[in-house]
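[1] Just the structure for this:
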Amino acid sequence: MGCVGLRFGPSGFAELTRMYVAPTARGHGGGAVLLGEAERQAGLADAHTVRLETRLDLTAARTLYTKHGYREVPAYTHGPYAECRYAKDLR
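    Got it, this is the predicted structure:
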């Protein structure tokens, strides 16, 4: 009912590249489960930070990220869909 992707960088960070929960499964905590597992896997790979980019119009996603300790950070890329950037320290 959903998926999450991580990309690992050379300097101790993991980037959440994609997170999706099917519309019929939304509102039942699946996004939090996926996010938690992504963070767990990042930690197992010795990443100290998880970061991500998202769009302004994805308000539910942005709310989920901030609810789970993500804070807005300055731009680290300039992609066409990267309107907001967030990061969380795993240490």
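[2] The strand of greatest length in the chain: which residues count as buried?
    Using DSSP state E, we find that the single longest strand of the chain is strand 13-21. By 16 or more other Cβ atoms under 10 Å, the buried positions in strand 13-21 come out as 13-16, 19, 21. Glycine gets a C-beta too; all of them are placed from N, C-alpha and C.
[3] nearest to residue 27, of the residues you listed?
    For these, the closest approach to residue 27 (Cβ to Cβ) belongs to residue 21, at 9.0 Å.
[4] wait, doesn't the closest one sit right on residue 29?
    No - in this structure, residue 21 is not within contact of residue 29 by Cβ atoms under 8 Å, at 9.6 Å.
[5] For the chain, give the helix that spans the most residues.
    The longest helix of the chain (DSSP state H) is helix 30-44.
[6] Moving C-terminal from that one, which element do we reach first?
    Downstream of helix 30-44, the first helix or strand assigned by DSSP states H and E is strand 49-54.
[7] Show me what the mean pLDDT comes to for the helix or strand just after that following strand.
    Going down the chain from strand 49-54, the next helix or strand is helix 59-67, by DSSP H and E. Mean pLDDT, helix 59-67: 95.
[8] Remind me what helix 59-67 packs against, helices and strands.
    Packing contacts for helix 59-67, counted by 3 or more Cβ pairs under 8 Å, 6 or more residues apart in numbering; DSSP states H and E, involve helix 30-44, strand 49-54, strand 84-89.
[9] Show the average pLDDT along the longest one.
    Looking back up the chat, that one is helix 30-44. 96.
[10] List the buried residues of that helix.
    For helix 30-44, the neighbour count (16+ other Cβ under 10 Å) marks 30-31, 34-35, 38-39, 42 as buried.
[11] what does stretch 49-60 give?
    Those would be 49-54, for stretch 49-60 by 16+ other Cβ under 10 Å.
[12] Many thanks, I have nothing further to ask.
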